[in-house]
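Engineer: The following block contains a protein sequence and its predicted model.
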Amino acid sequence: MNHVTSAQPESEPPTDVPDAVKLRDELPTPHPVSPVTGLPVTPYKQEDSIGASFPAPSPGTEDSAAFGHESNMRERIATAKRVVVKIGSSSLTSDEDGHTVDPNSINTIVNALQARMEAGSDVIVVSSGSVAAGMAPLGLTTRPTDLSMKQAAAAVGQVHLMHQWGRSFARYGRPVGQVLLTAGDAGQRDRARNAQRTIDRLRMLGVIPIVNENDTVATTGVNFGDNDRLAALVSHLVSADALVLLSDVDGLFDKNPADPTARFISEVRDGNDLKGVLAGDGGKVGTGGMASKVSAARLASRSGVPVLLTSAANIGPALEHAQVGTVFHPKENRLSAWKFWALYAADTAGKIRLDQGATEAVTSGGKSLLAVGITEVIGDFRAGEIVEILGPNGEILGRGEVNYDSETLMPMLGMKTQELPDDMQRPVVHADYLSNYASRA
């Protein structure tokens, strides 16, 4: 029997094209990527002849107002044993387009980091640049603003970025380890402890931790900024002795440094030194401008960590003697690790509003929060979670760990301790687990 197959009519193109296909067709043609040299077969076998020195600043820059500053605090930073160094996106990418990881820039930075380590310091790197590094491979000419595109660029760029860090540190026989964090990791106490343990173990093994925000899963509004805040939190997490924030500006000025009347600020001891300062936003390849860096520096200083803010071009003198840039002095009454985490990193599950008497007790420090001073419970939370503590007019006073869930707490409002059942006479928030912004206690 002969089997005859009839010709099938040509199918019509589908009208319900999947979004992924539409996105593919709309994407730009990928930019050709230059071939990169792979890591050596035995990358961590250091030659005895290899040594490092602190890179000199660019010619002529030492005459600027940012150089030649001496103080006891700068000496403390210069001799700090455990140092967190944060490098911004613009310091890691090519000057030509800002969209490609620049091996020469990373080599210069690593040379300085190695010199500091040879001098006896322990270094943790917080590296921006994953989104910027992914732009050229994806054919992007401007930093993406769409969240999914930003995440895609970060996924691609992180590989390129870590390859260059690994290649450069391999010249000195040092392996690197990638630590990707989100604001959610810092917000959950157990996850923050896990990150701390990972970083500590990497250091014990002689590995250089390279910390970056996990941009592939971070969402808009729930992130660290351009890693400035992340660097401050990591400094507290690892009990750093100093934080060095490197960007593309020599230090802090009271206005745009391009303005000839701009005044350089060499030391920031408290908020009074920042009066009248105008700080700008991020650059074309980064998201954290001077305002972000000042905020991060003050955050780290509140945890007791001194901060040096300067340009990545000054990394040599910054790490050698710290006589360049702006120094932020630390608060002497350093918050406990728990109180700092609760106040500046923890996720909050709800809010409680206080009357005037309870507000005065809480802001004076050292007082537990009792049910009698609470006027309102906002949100659905469980015992042991962190809540925001509000004043009578809704102003945020601080944060604390509640001993009761919201449902149990509701009927307790306004009641004196002796009026409550025996099993409900504990403070709503104990003084040891209450941290307020007014006294930083």
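Structural biologist: Thanks, I have it.

Engineer: Could you look up the SS state of the residue nearest the centre of the chain?
Structural biologist: Per C-alpha atoms, centre = their mean, the C-alpha nearest to the average position across the chain is that of Leu230, at 1.4 Å. Secondary structure, DSSP: H, G, I helix; E, B strand; the rest coil: Leu230 is helix.

Engineer: so who does it touch?
Structural biologist: Applying C-beta atoms under 8 Å, 6 or more residues apart in numbering to Leu230 gives the contacts 86, 126, 181, 186, 211, 213, 224. Where C-beta positions appear, they are placed from N, C-alpha and C, glycine not excepted.

Engineer: Could you tell me whether the fifth one really is in a strand?
Structural biologist: Yes - when classified by three-state DSSP, Val211 is found to be part of a strand.

Engineer: what about Glu213, distance to Val126?
Structural biologist: Noted for Glu213: a distance of 9 Å to Val126, by C-beta to C-beta, to the nearest Å.

Engineer: shared neighbours of these two, anything?
Structural biologist: By C-beta under 8 Å, 6+ apart, the residues touching both Glu213 and Val126 are 227, 230.

Engineer: Any regions of the stretch 251-400 of the chain where pLDDT drops low?
Structural biologist: Scanning the stretch 251-400 of the chain for pLDDT under 70 picks out 279-289.

Engineer: ok, which stretches of it are helices?
Structural biologist: 290-302, 315-320, 337-344, 356-364 (DSSP state H, counting those that start in this stretch).

Engineer: Surely Ala66 is in contact with Thr310?
Structural biologist: Yes - between Ala66 and Thr310 there is a contact at 6.6 Å, judged by C-beta atoms under 8 Å.

Engineer: Overlap in contacts, the two.
Structural biologist: Overlap of the contact sets of Ala66 and Thr310 (by C-beta under 8 Å, 6+ apart) consists of 250-251, 324-326.

Engineer: Give me the subset of those that lies in strands.
Structural biologist: Counting by DSSP state E, these place Thr326 in strands.

Engineer: so which of the shared contacts of Ala66 and Thr310 is the most crowded?
Structural biologist: Neighbour counts for the shared contacts of Ala66 and Thr310 peak at Val324, which has 30 neighbours (criterion: other C-beta atoms under 10 Å).

Engineer: residue contacts, that residue?
Structural biologist: So Val324 contacts 57, 66-69, 250-251, 310, 314, 317-318 (C-beta under 8 Å, 6+ apart).

Engineer: which among those gets closest to Gly391?
Structural biologist: Nearest to Gly391 among the contacts of Val324 is Gly251, at 36.4 Å by C-beta to C-beta.

Engineer: Quick one: neighbours of Gly271, just the number.
Structural biologist: Gly271: 8 surrounding residues under other C-beta under 10 Å.

Engineer: for Asp380, same thing?
Structural biologist: Asp380: 11 neighbours (other C-beta under 10 Å).

Engineer: That one against Thr408, yeah?
Structural biologist: No - the criterion here is C-beta under 8 Å, and Asp380 misses it with Thr408 at 11.8 Å.

Engineer: if we can go back for a sec, reformat the contacts of Leu230 as TSV; add neighbour count and distance to Thr348.
Structural biologist: Shown next, in TSV, are the contacts of Leu230 (neighbours: other C-beta atoms under 10 Å; distance: C-beta to C-beta, whole Å):
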residue	neighbour count	distance to Thr348
Lys86	31	26
Val126	29	25
Leu181	24	19
Ala186	23	13
Val211	25	24
Glu213	25	20
Phe224	27	17
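
Engineer: Of those residues, which pair is most distant in space?
Structural biologist: Lys86 and Ala186 (15.1 Å).

Engineer: Let's see the pLDDT reported for Met204.
Structural biologist: On pLDDT, Met204 comes in at 93.

Engineer: Okay, strands next: where are they in the stretch 101-250 of the chain?
Structural biologist: Along the stretch 101-250 of the chain, the stretches classed as strands by DSSP state E, counting those that start in this stretch are 122-127, 176-181, 208-213, 242-247.

Engineer: hey, which of the ones you listed is tucked in deepest?
Structural biologist: Ranked by mean neighbour count, these are led by strand 242-247 with a mean of 29 (mean count of other C-beta atoms under 10 Å).

Engineer: List the strands paired with it, with their directions.
Structural biologist: Under the criterion DSSP bridges, strand 242-247 sits next to strand 82-87 (parallel), strand 307-311 (parallel) in its sheet.

Engineer: Look at Ala431 and say how many residues are nearby.
Structural biologist: Counted with other C-beta under 10 Å, Ala431 comes out at 16.

Engineer: Now do it against Ala152, distance only.
Structural biologist: Distance from Ala431 to Ala152, counting by C-beta to C-beta: 47 Å.

Engineer: right, and Pro209 touches Asp122 too?
Structural biologist: No - counting by C-beta under 8 Å, Pro209 does not reach Asp122; the two are 10.0 Å apart.

Engineer: Overlap of the contact sets of those two?
Structural biologist: Shared contacts of Pro209 and Asp122 (C-beta under 8 Å, 6+ apart): Arg203.

Engineer: follow-up on the earlier one: now the strands of the stretch 101-250 of the chain as a markdown table including distance to Lys255 and mean pLDDT?
Structural biologist: Below are the strands of the stretch 101-250 of the chain laid out as a markdown table (distance: least, C-beta to C-beta, whole Å; pLDDT from 0 to 100):
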| stretch | distance to Lys255 | mean pLDDT |
| --- | --- | --- |
| strand 122-127 | 27 | 96 |
| strand 176-181 | 34 | 93 |
| strand 208-213 | 29 | 94 |
| strand 242-247 | 17 | 94 |
